[in-house]
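Student: Got a predicted model here, sequence first, then my questions.
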Amino acid sequence: TFAITSTYNHILRTILAGNLIFADETQISYQDGSGYVWVIASMEETYYVFTETREGEFLIKLLKNFSGVLVSDFYAAYNSITCPQQKCLIHLIRDLNNDFFNINFGIINIICHQLIYLIFSIVKSLYRFFFSFFSLLNF
């Protein structure tokens, strides 16, 4: 009803006014069929959208006023959003792992392994830095 719609719209406006959005989608099944749930999130708010297909055209309209950084996986639908973008390192590691275990080409396996190790080391270092930083602030 009105209160729910008003709250839902407020959440989206708050996210769009920020500097950082994380976006992802996942397929779901329910009693009458299947569809996709899209998640648009900031560090404080989360907004969900259900669509019957994985077509991402609605994202262009939904995120048209966003000027911060969009963090997403490598799904092509996100490429049409006109804002600075960063690809999710965890998704990159997952994709590299899949390639590493599914492709048996010597040099590609070596490159994938080295990239996975490099990215993992970076993420681990960032985690340690932020963990120690926030520990000093008593968070």
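Tutor: Happy to help now that I have it.

Student: in the longest helix belonging to the chain, what's buried?
Tutor: The longest helix of the chain (DSSP state H) is helix 106-136. For helix 106-136, a neighbour-count test (16 or more other CB atoms under 10 Å) marks Cys112, Ile116 as buried. From N, CA and C alone the C-beta is placed, and that goes for glycine too.

Student: just checking, what packs against it?
Tutor: helix 89-102 (3 or more CB pairs under 8 Å, 6 or more residues apart in numbering; DSSP states H and E).

Student: Run the angle between the longest helix of the chain and helix 89-102 for me.
Tutor: Between helix 106-136 and helix 89-102, the angle comes out at 150 degrees (axes from the mean of the first three to the mean of the last three CA atoms, to 10 degrees).

Student: Ala41 contacts Phe22, correct?
Tutor: Yes - between Ala41 and Phe22 there is a contact under CB atoms under 8 Å: 4.8 Å.
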